[in-house]
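Visitor: Kindly return the folded structure for what I paste below:
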Amino acid sequence: QVHLVESGGGVVQAGGSLRLSCAASGAIFSINTMGWYRQAPEKQRELVAEISSDSSTNYSDSVKGRFTISRDNAKNTVYLQMNSLKPEDTAVYYCKVDTIVANFRPYDMDFWGKGTLVTVSS
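Guide: Next up, the predicted model:
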């Protein structure tokens, strides 16, 4: 199987910055799209940003110009640089990795991290 380990969450004041990391390991043949989602209390999980295997990116309108997603294919790691943070960015952030799992018959599967809490105080 594939395991995801997220790090970088914490408490920051409004206007501050944080950098999230998500490292994938295990039975990885290749990785397609990597992304970050977030879920605030009593709200549905929503896409924050995603990056494809050719490094094309997609951002939600709420974070455009403030957040930057990137990936290091050699390390199977995706990053989310979050600048100019706002209280409304407070949420649990999850990474999702679309992986081709190494197997005698490789298959495509999404894996999720356990989440890392980001709290932005006003």
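
Visitor: How confident was the prediction at D108?
Guide: Looking at D108, its pLDDT stands at 88.

Visitor: wait, I meant I31
Guide: Taking I31 on its own, its pLDDT is 95.

Visitor: can you give me how far the strand or helix carrying F29 is from the chain middle?
Guide: Under the criterion of DSSP states H and E, F29 resides in strand 28-39. Taking Cα atoms, centre = their mean, to the nearest Å, one finds the center of strand 28-39 at 7 Å from the center of the full chain.

Visitor: Just list whatever residues bridge to the residue nearest to the spatial centre of the chain.
Guide: Nearest residue to the geometric centre of the chain (Cα atoms, centre = their mean): W36, 2.7 Å. On the basis of DSSP bridges, W36 is bridged to A49, C95.

Visitor: surely it meets V78?
Guide: Yes. Taking Cβ atoms under 8 Å as the definition, W36 is a contact partner of V78 at 7.2 Å. From N, CA and C alone the C-beta is placed, and that goes for glycine too.

Visitor: Please enumerate the shared neighbours of these two.
Guide: Residues touching both W36 and V78 by Cβ atoms under 8 Å, 6 or more residues apart in numbering: C22, I69, C95.

Visitor: Adding distance to F29, write those out as CSV.
Guide: Listed next are these as CSV, based on distance: Cβ to Cβ, whole Å:
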residue, distance to F29
C22, 18
I69, 22
C95, 19
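
Visitor: For those, pick the one with the most neighbours.
Guide: Within the shared contacts of W36 and V78, neighbour counts (other Cβ atoms under 10 Å) peak at C95, which reaches 28 neighbours.

Visitor: residues contacting that residue?
Guide: Here C95 is in contact with L4, E6, L20, C22, M34, G35, W36, Y37, V78, W112, G113 (criterion: Cβ under 8 Å, 6+ apart).

Visitor: chain center to the host helix or strand of the third one: distance?
Guide: It stands for L20. Element membership of L20, judged by DSSP H and E, is strand 18-26. A distance of 7 Å separates the centroid of the chain from that of strand 18-26, by Cα atoms, centre = their mean.
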